[in-house]
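Engineer: Task: produce atomic coordinates for the following.
(chains A and B)
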Protein chains: 2
Amino acid sequence: MKLGPKNCLYPMPTTLIGALVNGKPNYVTIAHVGIMDMESVSLGMNKSHYTNAGIKENRAFSVNIPSARLVKEADYCGLFSGRTEDKTVFFTTFYGTLKTAPMIEQCAINMECELIKTMDFPNHDIFIGRIAETYCDENVQTDGIVDFGKVQPILFVMNDRSYWKIGGKIGKAWEIGKSLVNKKENRKISNISLLICLFQKGTLYFVL
Amino acid sequence: MKLGPKNCLYPMPTTLIGALVNGKPNYVTIAHVGIMDMESVSLGMNKSHYTNAGIKENRAFSVNIPSARLVKEADYCGLFSGRTEDKTVFFTTFYGTLKTAPMIEQCAINMECELIKTMDFPNHDIFIGRIAETYCDENVQTDGIVDFGKVQPILFVMNDRSYWKIGGKIGKAWEIGKSLVNKKENRKISNISLLICLFQKGTLYFVL
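Structural biologist: Residues are numbered from 1 along each chain as shown, chains lettered A, B, ... in the order given. Now for the predicted structure:
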């Protein structure tokens, strides 16, 4: 059935975007995010957000990944504006190499980003940032690799305005699909066998 | 610990991007996607992909959301190029209003998109599309709303090159964080009580 032009590209990871606004750190909850390439991310931020001016001024922001145990704090930072509320009270702020991208110590993953492009959409500023440095808690790594089963990110779905947990692993990328190659080859072999069989009977039928 | 400029904005939804290439439908697996605003999505597609030329030519593409039971087919479409493999054999293709954005009937959600902008990154074409129409299987809806517990999307993590399932719901967005308001107010009230108490004792101390 048709839904009209409805965005259903979910779930998306819930992030806390950090920026200095009027010289003070602020955090806002954004899940309309994206990956551009291996070192770049995008934020789709409604122009009403207090944070946008700070990102433009400092040409820097941070992307912090809160875990499921911070779901209330993450939601709070989306409920209230930095204009009236000091949302840093829930967190310990630290700075990295950029100096103007406040980050949250309580989040297992933090990426500080340099603003490389802003796109002006009707109601949104689209910020594209190049990652300058990524910080990761050792406790969410397995054999030196970030393990999202341990990160326990908060997944966001707009359709029913809900947060979800990540589930179990279902396969290796660039691997699990290889099993279909054999099936395809088996199919080819059986087609050839059929052809030989038909030849042996002295008649060549059209093989679909 | 520092990881260098490592993209950790995961998990991302795994999609099958449909386009006409040289007049024929083709599907490629892309999880480096994003939401720009309510009606726009982005694709970060390495320039080596066969599909990019088709998107540029027709200025249209589709975003299909495969479910976990299609994980092998989805992975296969990322393993092999449309230059050498006809990946439509796994699916039933249909077309919508744009006519040039092939979609997959086996995916519960399909969005046909008009290309509105292309950004030239060093190794990637960034395609931004405006959704023209969204198609959704009634079986993945609950009370008329898309239910991602039923969609069972495939989540992708680059760090360990893995696919994941969605887990359980953990809260309502713009709701679960409200409980912290009361806590904050309680904190304010107890601070006021302390102040009154100190006044009554005839001395005003500095209250932190």
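Engineer: what about A:Gly144, how many neighbours?
Structural biologist: 9 (other C-beta atoms under 10 Å in any protein chain shown). Every residue, glycine included, has its C-beta placed from N, CA and C.
Engineer: ok now do it, which residues does it touch?
Structural biologist: A:Gly144 sits next to no residue when contact means C-beta atoms under 8 Å, 6 or more residues apart in numbering or on different chains.
Engineer: same check, this time on the one 5 residues further on
Structural biologist: Contact analysis of A:Gly149 by C-beta under 8 Å, 6+ apart lists A:Ile166, A:Lys169, B:Trp164.
Engineer: What residues are bridge-paired with the last one?
Structural biologist: Just to be clear, that refers to B:Trp164. According to DSSP bridges, the residues that bridge with B:Trp164 are A:Lys169, B:Leu155.
Engineer: Save the contacts of A:Gly149 as JSON lines, and put in distance to B:Ala53 and neighbour count too.
Structural biologist: Compiled in JSON lines, those are given as follows (distance: C-beta to C-beta, whole Å; neighbours: other C-beta atoms under 10 Å in any protein chain shown):
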{"residue": "A:Ile166", "distance to B:Ala53": "35", "neighbour count": "24"}
{"residue": "A:Lys169", "distance to B:Ala53": "34", "neighbour count": "16"}
{"residue": "B:Trp164", "distance to B:Ala53": "32", "neighbour count": "23"}
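Engineer: In chain A, what residue lies closest to chain B?
Structural biologist: Nearest residue of chain A to chain B (C-beta to the nearest C-beta) works out as A:Gly34 at 1.3 Å.
Engineer: distance of A:Val89 from B:Leu180?
Structural biologist: 10 Å (C-beta to C-beta, to the nearest Å).
Engineer: Compare neighbour counts for those two and give me the winner.
Structural biologist: B:Leu180 (18 against 10).
Engineer: Secondary structure element holding the more buried one?
Structural biologist: helix B:179-200 (DSSP states H and E).
Engineer: Equivalent analysis for A:Ser42, please.
Structural biologist: Element membership of A:Ser42, judged by DSSP H and E, is strand A:40-46.
Engineer: Next, the angle from the helix or strand where A:Val63 lies to strand A:40-46.
Structural biologist: For A:Val63, the host element (DSSP H and E) is strand A:60-65. Going by axes from the mean of the first three to the mean of the last three C-alpha atoms, to 10 degrees, strand A:60-65 is angled at 90 degrees with respect to strand A:40-46.
Engineer: Now do strand A:60-65, average pLDDT.
Structural biologist: Across strand A:60-65, the average pLDDT comes to 98.
Engineer: And stretch A:36-48, by the same measure?
Structural biologist: 98.
Engineer: Would you mind measuring from the nearest residue to A:Asn26 once chain neighbours are set aside to B:Lys2?
Structural biologist: Distance criterion C-beta to C-beta, 6 or more residues apart in numbering or on different chains; nearest residue to A:Asn26, sequence neighbours excluded, is A:Gly82 at 3.9 Å. Using C-beta to C-beta, A:Gly82 is found at 28 Å from B:Lys2.
Engineer: for A:Val21, same thing?
Structural biologist: 26 Å.
Engineer: In terms of neighbours, single out the busier of those two.
Structural biologist: Just comparing A:Val21 and B:Lys2: by other C-beta under 10 Å the higher neighbour count belongs to A:Val21, 21 against 11.
Engineer: returning to what we had before: now do the buried residues in the strand holding A:Ser42.
Structural biologist: A:Ser40, A:Val41, A:Ser42, A:Leu43, A:Gly44, A:Met45 (16 or more other C-beta atoms under 10 Å in any protein chain shown).
Engineer: list the helices and strands that strand packs on?
Structural biologist: If contacts are counted by 3 or more C-beta pairs under 8 Å, 6 or more residues apart in numbering or on different chains; DSSP states H and E, strand A:40-46 sits against strand A:24-30, strand A:33-37, helix A:51-58, strand A:60-65, strand A:109-120, strand A:124-136, strand B:33-37, strand B:40-46.
Engineer: Take the ones you listed and write them to a markdown table, including distance to B:Asp75.
Structural biologist: Listed next are the helices and strands packed on strand A:40-46 as a markdown table, based on distance: least, C-beta to C-beta, whole Å:
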| stretch | distance to B:Asp75 |
| --- | --- |
| strand A:24-30 | 29 |
| strand A:33-37 | 18 |
| helix A:51-58 | 36 |
| strand A:60-65 | 25 |
| strand A:109-120 | 25 |
| strand A:124-136 | 26 |
| strand B:33-37 | 16 |
| strand B:40-46 | 17 |
